[in-house]
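>>> Whatever this is, show me its structure:
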Amino acid sequence: MTTARIAIEAPSGAWAALAAKLAACRGRRRYGLGFFLGILAAAALPPIDAIPLLVPAFTGLLWLHDGVESRRGSFLLGWWFGFGFFLAGLYWVGISMLVDPLHFGWMIPFAVGGLSAGFSIYTGLALLLVRLSGARGVGRVLALAIAWSVGEWLRGHLLTGFPWNLVGYAWTVDAAPLQLAALVGSYGLSLVTVLIAALPAALGGPAPVRRPLSILGTAALLVLALWGGGAARLAGDTDIMVPGVRLRLVQPDIAQTAKWQPERIRENILTQLRLSAGPGADKITDLVWPETAVPYVLAEEPELRAALATVIPKGGLLLTGTLRRTRSAGNGAGEAFRYYNSLAAVDDRGEIVAAYDKFHLVPFGEYVPFRGILPIDKLVPGRGDFSTGPGPRTLALPHLPPVSPLICYEAIFPGEVVDEAQRPAWLLNVTNDAWFGRSSGPYQHFESARLRAVEEGIPLVRDANTGISGIVDPYGRVIAKLGLGQAGVLDSPLPAPIPGRTPFARYGETGFALLLGAFAVLAWAFSRPRRFV
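Residues are numbered from 1 along each chain as shown. So this is what the prediction gives:
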């Protein structure tokens, strides 16, 4: 037996020694290491995609936790891990406030630090739950996977929800491992991901596994199953395109500082008109422009609609982000209006044939929570808050398959992107990520939206002002993409959805719940005094 093999197999060897060393950390050193491990976990996500870093991050977290002696200590360690994770993953939120630094620059530390600190409560509670479970050995690994994924689910639903940077998104480097999301959704994908990443922790700490190769082999087999099972689903599945449809996605790359300037709005629209009518326009059936590409109330601008009609293909449509308003009850000082962040479908005569209003608004970006208390205004220019639309909606459009529009970050919410009563044949996500510059935010946003295609078995068309725009097939494969910071167009046919529905589309989060139950049973079994491995 080689020296390396002895080091792997001996429970008192390198694995156990490292676990004991981390468990012995106290006070600031423990929390500082937890913070650093959280940063490592964030580096596994787009755009860095360093997936192997999840192993030292979650394994190290459990080994640090083995030395914690109180519930308060468990919560604080989880909180510091989460603070590092969210601070590294969400730093780009502060960039949006530099668009108008005079008015909003002071908010950067409160927005980035406060957001990270708030979300870290979920990770603190997750580690506290691991402690309260009393799980040992492999059982505590399963307990961490359960607690973490439940924390992600809560983060995605409570207080309007923000399911950004789910750990399962680390697999977006390839379409194959993403296929599990079609069965158990993105939260289920995170559950399995944390299990794989934390399994080596069973080689140290309380009730260590005496056969290390069985643990490492199990982790390797899970990765192979995730990748191989996804590859098997993809094998032989070639994209079927919708006949007679060829889209042109326009990505003008307009800086946020120039987007709402009155003297630049006309120029910005002309830029998009030129791109729409550029080379190859004769082969296009329909156009797509990004979120608020037309920053006017389009329904009230007949001359502008006539100008748009000049570039719309004969018999085709322009699907563009715009503004919409409706009259509301007067307030004694004249007529009042409700404003909406909307998408309009404009035909070649300049008529609006369908419209959709955004229903999941960005706090502080499109409305101010507790406006009567907080003395600040929203980031998006204009007086007052936007109003919310009625929810996911399927638009029936002339000659195009029925579509579910999603504006901006509406595409990040698993299970909340389609109207189940009238399921669409494709998802259309229009967005403006210019707020976040050349940061990691747009990359994360694109990959998050991509998972909705896998979950629902429906293709995704995504048009972003500054990028990333792309066409994603119903299996999550990117068939065309225009990168961040590039001005241009993306011409592509429209993929068809898969036949029938995915299990996730049919049963929702039932698969995730069943997987949680199975993990809970296993955690209980492995935590009993008897050794199973």
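
>>> end-to-end on stretch 429-438?
Start-to-end span of stretch 429-438 (Cα to Cα, to the nearest Å) is 20 Å.

>>> What pLDDT is listed against residue 1?
Here, the pLDDT recorded for residue 1 equals 40.

>>> What of the one 3 residues further on?
According to the predicted model, the pLDDT of residue 4 comes to 42.

>>> Go ahead and list the helix or strand containing residue 247.
strand 241-251 (DSSP states H and E).

>>> contacting residues around that strand?
272, 275-276, 280-281, 283-290, 293, 399-401, 425, 461-467, 469, 471, 482, 486-496 (Cβ atoms under 8 Å, 6 or more residues apart in numbering). For glycine as for every other residue, the C-beta is placed from the backbone atoms N, C-alpha and C.

>>> When you filter those down to buried only, what's left?
272, 275-276, 284-290, 293, 400-401, 425, 461-467, 469, 471, 482, 488-496 (16 or more other Cβ atoms under 10 Å).

>>> What are the phi and psi values at residue 428?
Main-chain torsions, residue 428, degrees, to the nearest 10: phi -120, psi 110.

>>> residue contacts, it?
288, 319, 343, 403-406, 460-463 are the contacts of residue 428 under Cβ under 8 Å, 6+ apart.

>>> how close does it get to residue 179?
23 Å (Cβ to Cβ, to the nearest Å).

>>> How about residue 156?
Residue 156 is 21 Å from residue 179, by Cβ to Cβ.

>>> More neighbours: which of these two?
Each of residue 156 and residue 179 has its neighbours counted (other Cβ atoms under 10 Å); residue 179 has more, 22 against 19.

>>> so the more buried one touches residue 451, yeah?
No: using Cβ atoms under 8 Å, residue 179 and residue 451 do not qualify as a contacting pair, with a distance of 10.8 Å.

>>> what is in contact with these two at once?
Counting by Cβ under 8 Å, 6+ apart, the residues touching both residue 179 and residue 451 are residue 476.

>>> show me where pLDDT drops low in this protein?
1-12, 103-104, 329-335, 365, 368-384, 529-533 (pLDDT under 70).

>>> rerun that using 80 as the cut-off
1-13, 96-107, 207-212, 236-238, 260, 328-335, 363-385, 527-533 (pLDDT under 80).

>>> what sits against the spatially most central residue of it?
Nearest to the mean C-alpha position of the chain, by Cα atoms, centre = their mean, lies residue 448 at 3.1 Å. Residues near residue 448 by Cβ under 8 Å, 6+ apart: 163-166, 169, 411-412.

>>> Tell me the buried residues within these.
Those of those that meet the buried threshold are 163-166, 169, 411-412, by 16+ other Cβ under 10 Å.

>>> Which parts of the stretch 101-250 of the chain are helices?
Applying DSSP state H, counting those that start in this stretch to the stretch 101-250 of the chain gives helices spanning 101-104, 108, 114-133, 138-155, 181-198, 212-234.

>>> I'd like those helices as CSV, with distance to residue 56 and mean neighbour count appended.
Formatted as CSV, the helices of the stretch 101-250 of the chain follow (distance: least, Cβ to Cβ, whole Å; neighbours: other Cβ atoms under 10 Å):
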stretch, distance to residue 56, mean neighbour count
helix 101-104, 37, 12
helix 108, 30, 17
helix 114-133, 17, 21
helix 138-155, 14, 26
helix 181-198, 9, 27
helix 212-234, 13, 16
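
>>> between those, which one is nearest to residue 29?
For the helices of the stretch 101-250 of the chain, the distance to residue 29 is smallest for helix 114-133, at 17.1 Å, taking Cβ to Cβ.

>>> Please tell me how far that closest one is from the chain's geometric centre.
20 Å (Cα atoms, centre = their mean, to the nearest Å).

>>> before we move on, what about stretch 357-370?
18 Å.

>>> buried ones in that stretch?
357-362, 364-368.

>>> Kindly reformat the residues you listed as CSV containing secondary structure and distance to residue 442.
Listed next are these as CSV, based on DSSP: H, G, I helix; E, B strand; the rest coil; distance: Cβ to Cβ, whole Å:
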residue, secondary structure, distance to residue 442
357, strand, 24
358, coil, 19
359, coil, 22
360, coil, 18
361, coil, 20
362, coil, 15
364, coil, 19
365, coil, 15
366, coil, 18
367, strand, 23
368, coil, 24
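
>>> closest to residue 524 among those residues?
Minimum distance to residue 524 across the buried residues of stretch 357-370 is 37.5 Å, recorded for residue 360 (Cβ to Cβ).

>>> what about the residue lying closest to that closest one once chain neighbours are set aside, distance to residue 394?
The shortest distance from residue 360 to any non-neighbouring residue, by Cβ to Cβ, 6 or more residues apart in numbering, is to residue 410 (4.7 Å). Per Cβ to Cβ, residue 410 is found 14 Å from residue 394.

>>> So which of the contacts of residue 428 belong to strands?
288, 319, 343, 403-406, 460-463 (DSSP state E).

>>> Kindly reformat those as CSV containing distance to residue 301.
Shown next, in CSV, are the ones in strands among the contacts of residue 428 (distance: Cβ to Cβ, whole Å):
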residue, distance to residue 301
288, 19
319, 17
343, 16
403, 24
404, 26
405, 20
406, 24
460, 30
461, 25
462, 26
463, 21
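
>>> Check which helix or strand the residue nearest to the centre of the chain maps to.
Going by DSSP H and E, residue 448 is in helix 441-456.

>>> any idea how far that helix is from the chain center?
5 Å.

>>> The chain should start at 27 in everything you say after this.
Sounds good: first residue 27 from here, last item helix 467-482.

>>> Just want the angle from that helix to strand 486-490.
Interaxial angle, helix 467-482 versus strand 486-490 (axes from the mean of the first three to the mean of the last three Cα atoms, to 10 degrees): 160 degrees.

>>> Domain ranges for this protein, per the record?
29-261+535-552, 274-519 (automatic domain parsing).

>>> mind putting these in TSV, distance to residue 268 included?
Below are those laid out as TSV (distance: least, Cβ to Cβ, whole Å):
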stretch	distance to residue 268
domain 29-261+535-552	20
domain 274-519	6
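
>>> which one of these lies closest to residue 527?
Counting by Cβ to Cβ, residue 527 lies closest to domain 274-519 out of the domains of the chain; the figure is 6.2 Å.

>>> Quick check: end-to-end length of the closest one?
End-to-end for domain 274-519, by Cα to Cα: 9 Å.
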